[in-house]
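**Q** what follows is a predicted structure for the sequence shown.
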Amino acid sequence: MKIKKLVAIDLLPSERRAKEMGFPYFPVQEFISYCARGDVDIIEIICTLQLRVPEDDTVEALAQARQQFEKKRYALEMCGVRVIECPSKRSQSAPSGFKQSDDQRLMIRTLALSMKLRPDFVILVASDGDYTPMVEALRDEGIRTEVVSSIPLLANDLRRHAVKVVDLDEVLEGIQARHRANDAVTIPDSEERRV
């Protein structure tokens, strides 16, 4: 019998870390392949996607922000991801100048889908300690959580309540290594001789 897993991705910090490691974006398809190794059935993939506040309130800037959002939503949906729209708003108190509600929206959707679909595991790609109450609630329901995070960024509470912690950096390095190996294999013989 296959192990059922639901994947929940807090996209903004995950993508930031992937870009720091040289990716142009968070490699969703490769990450899902990593999660589906062995006797695993990925029953749902959800992730947050910010609808950014444009630099100004002109119609053109608003349209451009929406167009960028829709392009990214389409790309994620083509990978089988259910996108959670997270509108941003300007905020004087936030360090970035913007405030969004991705954590809360991801927690609500993860809990709702987990109660409906009853996975064996939730794979949570996040670092923030705000997710700890959700992990505790899932555990009370018999649903275990594997947290995938860059270890130096992982909140202690979240680490303590997870059944398993996977280093996101190691996963991304493994994906990069496979990319390099595939690139080396696909060089035609005539090209290889010239190098």
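**A** Looks like it arrived, so ask away.
**Q** neighbours around residue 18, how many?
**A** 24 (other Cβ atoms under 10 Å). Heads up, the C-betas are built off the backbone N, CA and C, glycines and all.
**Q** on the pLDDT front, check the residue lying closest to it once chain neighbours are set aside for me.
**A** Residue nearest to residue 18 in three dimensions, not counting chain neighbours: residue 26, with 4.5 Å by Cβ to Cβ, 6 or more residues apart in numbering. pLDDT for residue 26: 95.
**Q** pLDDT averaged over the helix or strand where residue 112 lies - what is it?
**A** Here residue 112, judged by DSSP states H and E, is contained in helix 102-117. For helix 102-117, mean pLDDT is 94.
**Q** how about the biggest helix by length in the chain: buried residues?
**A** Using DSSP state H to define each element, the chain has its longest helix at helix 59-78. Buried positions in helix 59-78, judged by neighbour count with 16 or more other Cβ atoms under 10 Å: 65, 69, 72, 76.
**Q** the protein: helices as residue ranges?
**A** So, for the chain - with DSSP H - the helices run 11-20, 28-35, 59-78, 102-117, 132-140, 156-161, 168-185, 189-194.
**Q** identify each buried residue in the fourth one, please.
**A** Just to be clear, that refers to helix 102-117. Neighbour-count burial for helix 102-117 [16+ other Cβ under 10 Å]: 102-103, 105-107, 109-111, 113-114.
**Q** pLDDT below threshold where in this structure?
**A** The chain contains residues with pLDDT under 70 at 89-101, 184-195.
**Q** biggest strand in it by residues?
**A** Assignment by DSSP state E gives strand 40-51 as the longest strand of the chain.
**Q** let's see that one as PDB, backbone CA atoms only.
**A** Presented in PDB, the C-alpha positions along strand 40-51 are these (Å, rounded to 0.1, in the frame of the first residue of the first chain):
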ATOM      1  CA  VAL A  40       4.600   7.300  -2.200                       C
ATOM      2  CA  ASP A  41       1.500   8.800  -3.700                       C
ATOM      3  CA  ILE A  42       1.500  12.600  -3.700                       C
ATOM      4  CA  ILE A  43      -2.300  13.200  -3.300                       C
ATOM      5  CA  GLU A  44      -2.100  17.000  -3.500                       C
ATOM      6  CA  ILE A  45       0.400  19.800  -3.900                       C
ATOM      7  CA  ILE A  46      -0.500  23.300  -2.600                       C
ATOM      8  CA  CYS A  47       1.600  26.500  -2.500                       C
ATOM      9  CA  THR A  48       1.200  30.100  -1.800                       C
ATOM     10  CA  LEU A  49       1.700  32.700  -4.500                       C
ATOM     11  CA  GLN A  50       1.900  36.400  -3.700                       C
ATOM     12  CA  LEU A  51       0.100  38.900  -5.700                       C
END
